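Peer 1: turn this into a model:
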Amino acid sequence: QVQLVESGGGLVQTGGSLRLSCVVSGLTAESSVRAWFRQAPGKEREFVAIGSLVNSEWTTYADSVKDRFTLSRDNAKNTVYLQMNSLKPEDTAVYYCAAGEKYSILTRQYNHWGQGTQVTVSA
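Peer 2: Numbers count the residues shown, from 1 in each chain. Here you go, the predicted structure:
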């Protein structure tokens with residue numbers, strides 16, 4: 001059974017930090033891509049960050065979070081993290097972890113999703 005379990009969301013003030021975690025189980029080695037997406041109320045789900053478990057140099061960020069967010073991996077723990085610094089109110093959303101085989105920023109390329117974790121940034 002495939003499971004992706006996110007944690008680490010919460011309420012933080014503008015300029016604050018949070019670290020999201022995503023523990024993945026039940027996937028084959030072929031599903032070596034991990035990505036973070038987010039969805040704000042009334043908006044479509046959007047790409048945040050993506051990384052490869054095979055090649056740590058393969059990491060891509062959305063322009064809106066570049067230089068503020070960092071994706072990291074702990075393959076021994078089957079966990080991927082999203083360190084979020086200098087948070088802004090516009091970062092408020094439900095954050096989802098996704099796993100797949102293709103290195104893609106498109107939501108349709110992912111069959112495996114977590115349940116989401118709420119991040120709220122107050123002004």
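Peer 1: got the contact list for Ala49?
Peer 2: When the contact criterion is Cβ atoms under 8 Å, 6 or more residues apart in numbering, the partners of Ala49 are 35-36, 59-62, 65, 69, 71, 82. All C-beta atoms are positioned from the backbone trio N, CA, C, and that covers glycine.
Peer 1: quick one, helices of the chain?
Peer 2: Read by DSSP state H, the chain holds no helices at all.
Peer 1: low-confidence stretches in it?
Peer 2: Nowhere does the chain drop to pLDDT under 70.
Peer 1: CA atoms only: put stretch 73-89 into CSV for me.
Peer 2: Taking only C-alpha atoms (Å, rounded to 0.1, in the frame of the first residue of the first chain), the coordinates of stretch 73-89 have been written out as CSV:
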residue,chain,number,x,y,z
ARG,A,73,16.0,14.2,1.2
ASP,A,74,16.8,11.5,3.7
ASN,A,75,16.7,8.4,1.6
ALA,A,76,17.4,6.2,4.6
LYS,A,77,14.2,7.5,6.2
ASN,A,78,12.2,7.6,3.0
THR,A,79,11.5,11.2,3.8
VAL,A,80,11.6,14.4,1.9
TYR,A,81,11.6,17.8,3.5
LEU,A,82,10.6,21.3,2.5
GLN,A,83,12.3,24.0,4.5
MET,A,84,10.4,27.2,4.1
ASN,A,85,12.0,30.5,5.2
SER,A,86,11.0,34.1,5.0
LEU,A,87,7.4,33.1,4.7
LYS,A,88,4.8,35.5,3.2
PRO,A,89,1.0,35.7,3.5
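Peer 1: give the buried residues for it.
Peer 2: The neighbour-count check on stretch 73-89 (16 or more other Cβ atoms under 10 Å) flags 73, 78-82, 84, 87 as buried.
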